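J.: quick one: sequence and predicted model below, then my questions.
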Amino acid sequence: MVQLEGKALAGGPIKFPSTGGFSGDANNWAHEVLRDPNGEPLALQLTAGEHTLRMTNADGNGMNLDYVMLCPAYE
């Protein structure tokens with residue numbers, strides 16, 4: 001589950017595809033884009049100031065996260 005200010009993003013759980021491992025034998029790291037239920041990149045409307053982003057691994061499978069990148073959206 002990914003939450004911003006305590007509210008679930010994309011209306012519920014967000015699934016991350018498997019990369020096949022934790023780079024023990026091969027470089028299998030991957031960048032992933034958070035997507036809405038329609039498969040579109042998730043856009044956040046953020047105001048200036050601090051915000052709380054919380055990620056919870058709900059299914060119990062392992063997941064290794066190195067960073068979260070926020071990118072400006074342009075139209």
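T.: Structure received.
J.: what's the helix or strand for the residue located most distally from the centre of the chain?
T.: The centre of the chain is farthest from one residue, D25, which by Cα atoms, centre = their mean lies 24.6 Å away. Counting by DSSP states H and E, there is no helix or strand that carries D25.
J.: show me where the chain has its strands.
T.: 2-4, 7-8, 53-55 (DSSP state E).
J.: what is the mean pLDDT for the second one?
T.: Confidence for strand 7-8, expressed as mean pLDDT, is 90.
J.: now do the nearest residue to L34 once chain neighbours are set aside against R54, distance only.
T.: Nearest residue to L34 in three dimensions, chain neighbours excluded: L42, at 4.1 Å (Cβ to Cβ, 6 or more residues apart in numbering). Where C-beta positions appear, they are placed from N, C-alpha and C, glycine not excepted. As judged by Cβ to Cβ, to the nearest Å, L42 and R54 stand 15 Å apart.
J.: likewise for L34?
T.: 13 Å.
J.: who has more neighbours, the two?
T.: Legend: neighbour count by other Cβ atoms under 10 Å for L34 and R54, higher for L34 (15 against 12).
J.: pretty sure the more buried one sits against M1.
T.: No: counting by Cβ atoms under 8 Å, L34 stays clear of M1, with 11.7 Å between them.
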